[in-house]
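1. pasting the sequence and the predicted model now:
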Amino acid sequence: MDSPACRRLKAIQGHLVSTAGDTQLQLRTNETAGEFVSGQGYSVVLPEKLQTGKWNVYRSAQSPLKLVSRFPDHPEIGTLHDNFVHAVETFQDYKYLGTRVRVDGTVGEYKWMTYGEAGTARAAIGSGLIYHGIPKGSCIGLYFINRPEWLIVDHACSAYSYISVPLYDTLGPDAVKYIVNHSSVQVIFCVPQTLNILLSFLSEIPSVRLMVIVGGLDGQMPSLPSKTGVKVVSYSNLLFQGRSSPHPFCPPNPEDIATICYTSGTTGTPKGAVLTHGNLIANIAGSCHTIKFYSSDVYISYLPLAHIYERANQVMVAYHGGAVGFYQGDNLKLMDDMAALRPTIFCSVPRLYNRIYAGIINAVKTSGVLRERLFNAAYDAKKQAIMSGRNTSPIWDGLVFNKIKAKLGGRVRFMGSGASPLSPDVMDFLRVCFGCLVMEGYGMTETSCVISSMDVGDNLSGHVGSPNPACEIKLMDVPEMNYTSEDQPYPRGEICVRGPIVFQGYYKDEVQTREVIDEDGWLHTGDIGLWLPGGRLKIIDRKKNIFKLAQGEYISPEKVENVYAKCKFVSQCFVYGDSLKSCLVAIVSVDQDTLKVWAAAEGIKYEDLGQLCNDPRTKAAVLTDMDAVGREAQLRGFEFAKAVTLVVEPFTVENGLLTPTFKIKRPQAKAYFATAISDMYAQLSASDPDSQKML
């Protein structure tokens with residue numbers, strides 16, 4: 001029997017004039033087509049159920065009648081293996097994987113491996129796993145940061161029907177142990193540093209049969225007692241064994257599992273998102289409608305390969321035959337790597353873009369009055385031209401912006417942002433300074449990456465664009481937070497996604513799978529969105545982390561934190577509200593440079609930053625600034641933090657306060673700052689006994 005979605009599409013199809021031979025699929029309606037399709041600029045809107053359903057399902061205007069599941073130019077590519085075979089055959093002698101670090105640890109120019117060489121290496125690695133008796137369908141763990149071997153192992157998994165399981169190097173031993181046992185990993189590829197961690201709990205990961213050491217010297221492989229049943233082999237030895245005993249590919253089907261991506265989550269144990277080859281190909285094929293890469297493109301790989309954002313980018317680069325240069329492994333040397341590689345594609349997260357923005361602004365402000373005036377004049381003129389769709393004058397680039405572009409190598413033509421919201425100010429700033437296409441997208445592991453992204457030519461910032469052509473989106477009412485599709489001026493609700501990009505579920509966890517995918521196949525993201533004019537999606541809130549204050553008001557801490565992030569004193573912010581209290585408190589990791597400048601201007605003496613943070617005058621100044629920023633953002637009265645604790649230490653993955661995607665781990669942060677939180681509430685009670693009473 002046809003699914004409701006198929007029946008709906010057939011009905012809509014029947015109301016449309018054929019566009020055979022028209023390569024750009026456009027809506028060309030006959031007189032009655034308007035019954036079931038409504039154009040909204042970058043999106044089209046369909047009723048959820050024909051004739052009786054709400055008009056609330058949005059699709060990309062680029063493919064309104066059929067959700068994309070394959071590359072239009074290469075519909076035969078149905079798996080990651082097919083994708084890489086296509087790349088090896090088409091771009092055999094093109095540069096593919098580049099590194100700077102030599103065997104002796106020194107750094108030079110980038111040295112390259114071609115697509116053909118990478119293809120040969122992946123066949124050898126896959127054959128080597130068969131040589132060691134690893135059966136198809138086994139889970140293969142990858143426990144090291146970005147380098148060519150990561151991708152070669154991943155390609156080998158695709159070619160021989162193994163399932164790759166990334167192990168975050170930042171997750172810590174307990175999470176690694178959990179993931180290895182939960183997914184019954186049989187082989188772990190690791191580097192000498194991560195090997196030592198694994199050896200410390202080897203007896204507690206009984207499924208592991210083989211460890212492959214990447215980057216170690218063959219003569220320094222540890223020999224394990226035979227009773228452990230675990231073999232240790234170097235990566236180069238495994239290559240040799242595979243070359244000596246070659247096996248034909250064992251290609252997967254589109255519906256086979258490609259990877260189990262464990263999301264670190266802000267609470268509890270990691271969840272394994274099961275993604276098929278078809279899921280990933282659909283997502284990239286849909287994304288390719290929006291972004292065009294070329295074989296001449298050069299991409300810098302430094303975002304963690306354990307995350308779906310970087311994995312998806314790698315699939316896209318391989319499809320187009322681009323080159324991937326890896327960073328040295330040190331974020332502090334990233335700019336140096338960029339200068340050497342001169343990438344054309346730069347994908348990052350708001351945290352880094354904010355740092356670039358702050359660095360340029362600071363350099364401008366300290367460059368002298370004349371240079372600052374020149375920059376501001378150039379910036380205003382260029383921004384005005386961009387916003388009105390005119391060509392910008394090359395004079396400004398020559399005078400001002402080419403020096404800034406050179407910081408990222410001078411050739412970047414596309415900048416992508418994802419993982420969390422990018423401030424509209426920062427996006428506009430990047431567009432002006434770097435003179436390239438800057439696009440923000442929205443996605444998650446459970447949707448194989450991109451759910452929506454900005455459209456080329458759309459200069460409005462502050463939104464995440466229209467649906468990926470490989471999925472459809474609707475907003476579902478969240479009455480307890482007062483978000484509904486009837487809201488004026490824009491419909492609001494929880495973002496729900498359906499289509500071939502949606503994952504199969506959480507590995508061995510039917511309960512949590514049913515919590516996020518409903519009976520109609522909609523994935524509930526937990527994010528709150530609204531539809532802007534033109535069918536653009538804007539993310540405004542988060543459903544999962546809401547809590548109630550004593551008077552019954554719901555608070556979304558992430559919304560409040562995003563507002564306070566614009567405060568000049570705030571580097572990072574954690575907002576907390578006790579359900580028995582009527583107000584919020586905040587822990588602020590301070591921007592140290594701003595704080596020092598302020599203290600000097602105020603004539604405040606201090607021995608160290610810790611003492612300055614505890615000074616009541618400092619707290620008062622920071623809270624005053626936070627209040628001003630909150631008023632500007634029109635926070636409601638109960639959304640203002642009434643007390644603040646300032647800390648010098650940043651929130652990091654290492655101290656357990658952030659997930660690897662830089663989201664705050666709320667239960668952990670609450671425990672970490674428990675004393676400070678209780679002290680703030682005690683002080684508020686003492687200063688205003690009525691303020692904490694139940695209303």
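-> Nice, I can see it.

2. in the stretch 401-550 of the chain, which spans are helices?
-> For the stretch 401-550 of the chain, the helices defined by DSSP state H, counting those that start in this stretch cover 402-405, 424-434, 510-516.

3. now swap in the stretch 551-695 of the chain and tell me
-> Remark: helices assigned in the stretch 551-695 of the chain by DSSP H, counting those that start in this stretch are 557-564, 592-602, 609-614, 616-632, 666-672, 674-687.

4. average pLDDT across the helix or strand containing Q186?
-> Following DSSP states H and E, one finds Q186 within strand 185-190. Averaged across strand 185-190, pLDDT comes to 97.

5. returning to what we had before: next, format the helices of the stretch 401-550 of the chain as CSV and append distance to H277 and mean pLDDT.
-> For every residue, glycine as well, the C-beta is placed using N, CA and C. Formatted as CSV, the helices of the stretch 401-550 of the chain follow (distance: least, CB to CB, whole Å; pLDDT from 0 to 100):
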stretch, distance to H277, mean pLDDT
helix 402-405, 38, 93
helix 424-434, 33, 93
helix 510-516, 19, 94
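
6. for V585, find the nearest of these.
-> Between V585 and the helices of the stretch 401-550 of the chain, the shortest separation by CB to CB is 27.3 Å, and it involves helix 424-434.

7. contacts only, for D337.
-> D337 is in contact with R100, I300, Y302, G325, Y327, Q328, counting by CB atoms under 8 Å, 6 or more residues apart in numbering.

8. state the phi and psi torsions of it.
-> With angles defined as degrees, to the nearest 10, D337 sits at phi -60, psi -40.

9. now do it against S678, distance only.
-> Distance from D337 to S678, counting by CB to CB, to the nearest Å: 45 Å.

10. do the same with A273
-> 37 Å.

11. where along the stretch 51-200 of the chain do the helices fall?
-> 80-90, 115-131, 148-159, 173-182, 192-200.

12. tell me the buried residues in the following helix or strand past the shortest one?
-> Counting by DSSP H and E, the element after helix 192-200 in chain order, helix or strand, is strand 210-213. Of the residues in strand 210-213, L210, M211, V212, I213 count as buried by neighbour count, 16 or more other CB atoms under 10 Å.

13. now pLDDT and distance to C583 too, for the residues you listed, in JSON lines please.
-> Below are the buried residues of strand 210-213 laid out as JSON lines (pLDDT from 0 to 100; distance: CB to CB, whole Å):
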{"residue": "L210", "pLDDT": "97", "distance to C583": "56"}
{"residue": "M211", "pLDDT": "96", "distance to C583": "53"}
{"residue": "V212", "pLDDT": "96", "distance to C583": "54"}
{"residue": "I213", "pLDDT": "96", "distance to C583": "54"}
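
14. what ranges does the stretch 1-150 of the chain have for its strands?
-> Assigned by DSSP state E, counting those that start in this stretch, the stretch 1-150 of the chain shows strands spanning 38-40, 43-47, 55-60, 95-101, 107-114, 139-143.

15. the second one - contacts with which helices or strands?
-> Other helices and strands packing on strand 43-47, by 3 or more CB pairs under 8 Å, 6 or more residues apart in numbering; DSSP states H and E, are strand 38-40, strand 55-60.

16. least confident of the ones you listed, on average?
-> Taking the mean pLDDT of those, strand 38-40 comes last: a mean of 69.

17. any low-confidence regions in the protein?
-> 1-39, 50-52, 169-171, 218-219, 264-268, 551-552, 688-695 (pLDDT under 70).

18. grab the nearest non-local neighbour of Q92.
-> G116 (4.3 Å; CB to CB, 6 or more residues apart in numbering).

19. do I have it right that that neighbour meets T90?
-> No: using CB atoms under 8 Å, G116 is not in contact with T90; the gap is 10.8 Å.

20. the strand holding Q186: partners in the sheet, and parallel or antiparallel?
-> Applying DSSP bridges, strand 185-190 is found paired with strand 139-143 (parallel), strand 210-213 (parallel).

21. quick one: the longest one to helix 115-131, angle?
-> Orientation note: strand 139-143 sits at an angle of 120 degrees relative to helix 115-131 (axes from the mean of the first three to the mean of the last three CA atoms, to 10 degrees).

22. in stretch 62-71, which residues are buried?
-> Q62, S63, P64, L67, V68, S69, R70, F71.

23. my guess is the second one contacts P469, does it?
-> Translated: S63. Yes: between S63 and P469 there is a contact under CB under 8 Å: 3.9 Å.

24. which residues do these two both contact?
-> Contacts common to S63 and P469, judged by CB under 8 Å, 6+ apart, are G286, H289.

25. does anything pack onto the longest helix anywhere in the chain? Which helices or strands?
-> If you go by DSSP state H, the chain has its longest helix at helix 369-387. Packing partners of helix 369-387 (3+ CB pairs under 8 Å, 6+ apart): helix 350-365, helix 394-396, helix 424-434.

26. mind saving the C-alpha coords of the last one as PDB?
-> Coordinates of each C-alpha in helix 424-434 appear next as PDB, following Å, rounded to 0.1, in the frame of the first residue of the first chain:
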ATOM      1  CA  PRO A 424      23.600  38.300  12.400                       C
ATOM      2  CA  ASP A 425      26.200  41.000  13.100                       C
ATOM      3  CA  VAL A 426      29.000  38.500  12.800                       C
ATOM      4  CA  MET A 427      27.600  37.100   9.600                       C
ATOM      5  CA  ASP A 428      27.300  40.500   8.000                       C
ATOM      6  CA  PHE A 429      30.800  41.300   9.100                       C
ATOM      7  CA  LEU A 430      32.300  38.100   7.600                       C
ATOM      8  CA  ARG A 431      30.500  38.800   4.300                       C
ATOM      9  CA  VAL A 432      31.900  42.300   4.100                       C
ATOM     10  CA  CYS A 433      35.500  41.600   5.300                       C
ATOM     11  CA  PHE A 434      36.100  38.300   3.300                       C
END
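
27. from the chain's centroid, how far away is that helix?
-> Distance, stretch centre to chain centre, for helix 424-434: 19 Å (CA atoms, centre = their mean, to the nearest Å).
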